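Enquirer: with the sequence up front, the predicted model follows.
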Amino acid sequence: MSKTLVILNEQHTLLPEQQKILDHEYGQDGWELFNVPAEGWTLKEMGDLAIMMSTRNVVFVSPIPALMKLIADRDVCKWDGHQASFRVFHNDRREKKELPNGKVIMTVAKEGWELV
């Protein structure tokens, strides 16, 4: 079977904990990054990508809502008796950060990630 595609915006970074989870779930050589260009894709390009990805396991690190919907909607996520999986990284943990102006914001923690 083909390697799992890990969708990551080229401006984002795969965190060490996320890489460990991917290695554990798919093996060190069982997944590959699929970089999203900073300028994104057109809806037509995403439609073409969804067709290509419909026979691959896909993990979204960077959310691409339209592409996620196109993949999820495809009934072609089955081939030769196999089921392609569509998963995302999720993190419930938040960290407080104080900005220089004194404003406090919440950001997603670097640890606490899971595949769902």
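Expert: Received, thanks. Numbering: from 1, shown residues only.
Enquirer: for the residue positioned nearest the centre of the chain, give me its contacts.
Expert: Closest to where the C-alpha atoms of the chain average out (Cα atoms, centre = their mean) is Phe60, at 1.1 Å. Each residue near Phe60 by Cβ atoms under 8 Å, 6 or more residues apart in numbering is listed here: 7, 68, 87-89. No exception for glycine: its C-beta is placed from N, CA and C like everyone else's.
Enquirer: residue ranges of the helices in the protein, please?
Expert: Under the criterion DSSP state H, the chain carries helices at the ranges 16-26, 43-53, 65-73.
Enquirer: contact partners for the residue nearest to Met46 when sequence neighbours are not counted?
Expert: With sequence-adjacent residues excluded and distances taken as Cβ to Cβ, 6 or more residues apart in numbering, Met46 is closest to Leu67, at 4.6 Å. Neighbour list for Leu67: 7, 41, 46, 49-50 [criterion: Cβ under 8 Å, 6+ apart].
Enquirer: tell me the one of those nearest Val108?
Expert: Taking Cβ to Cβ as the measure, Val108 sits nearest to Ile7 out of those, at 17.1 Å.
Enquirer: quick check: that closest one touching Ile64?
Expert: Yes. Counting by Cβ atoms under 8 Å, Ile7 does reach Ile64; the two are 6.4 Å apart.
Enquirer: neighbour-wise, which of those two wins?
Expert: Ile7 (22 against 17; other Cβ atoms under 10 Å).
Enquirer: considering only helices and strands, which part of the chain has the lowest mean pLDDT?
Expert: Least confident helix or strand of the chain, by mean pLDDT, DSSP states H and E, is strand 78-79 with a mean of 48.
Enquirer: next one: Leu15 from Val58, what distance?
Expert: Computed as Cβ to Cβ, to the nearest Å, the Leu15 to Val58 distance reads 19 Å.
Enquirer: neighbour count: the two, which is higher?
Expert: Neighbour tally, Leu15 and Val58, criterion other Cβ under 10 Å: the higher count belongs to Val58, 23 against 17.
Enquirer: roughly how far apart are that one and Ile71?
Expert: To Ile71, Val58 is 6 Å away according to Cβ to Cβ.
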